[in-house]
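>>> just to be clear, the model below is a prediction. Sequence and coordinates:
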Amino acid sequence: MAANISLDYAEIERVCGVLDDAVDNTLVPRMKEAKDEVDALLNTGLVLTATSPALEAKYETFTTNLIAGAEAIKEYANQFKEIKKSIENMDADMAEKINAG
């Protein structure tokens, strides 16, 4: 167990915002753009009767899994927020008990 505890609430919020923003505004949109490009290629520039639909289905699954992985980054940020919230509540509760006694 750590001998000291230190939380920088502003930094926690900042990093959580960076993570959320990266997912919402960079990672997921770029993955969707890449999927659109692959779909277009498989429908116009690399058209094979059986292979193109198979590649398209595989890339769909791949994209879905990547997006799910990216969304998990936001869950990680939420864990940081929950830790911060728990510590804030604990600190307030302890201070209230001390002041009441």
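Received, thanks.

>>> quick check: which element contains I87?
helix 51-100 (DSSP states H and E).

>>> so for that helix, what's the average pLDDT?
Averaged across helix 51-100, the pLDDT comes to 95.

>>> give me the distance from that helix to the chain's centre.
6 Å (CA atoms, centre = their mean, to the nearest Å).

>>> next one: stretch 91-101
On CA atoms, centre = their mean, the centre of stretch 91-101 falls 36 Å from the chain's centre.

>>> quick one on the thing from earlier: show me what the helix holding I87 is packed up against.
helix 9-22, helix 28-40 (3 or more CB pairs under 8 Å, 6 or more residues apart in numbering; DSSP states H and E). All C-beta atoms are positioned from the backbone trio N, CA, C, and that covers glycine.

>>> next, the angle from it to helix 9-22.
With axes from the mean of the first three to the mean of the last three CA atoms, to 10 degrees applied, the angle from helix 51-100 to helix 9-22 works out at 160 degrees.

>>> now distance to A50, mean pLDDT and mean neighbour count too, for the helices and strands packed on helix 51-100, in CSV please.
Formatted as CSV, the helices and strands packed on helix 51-100 follow (distance: least, CB to CB, whole Å; pLDDT from 0 to 100; neighbours: other CB atoms under 10 Å):
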stretch, distance to A50, mean pLDDT, mean neighbour count
helix 9-22, 38, 97, 13
helix 28-40, 17, 96, 14
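
>>> can you lay out those as a markdown table showing distance to A54?
What follows is the helices and strands packed on helix 51-100, written out as a markdown table (distance: least, CB to CB, whole Å):
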| stretch | distance to A54 |
| --- | --- |
| helix 9-22 | 32 |
| helix 28-40 | 13 |
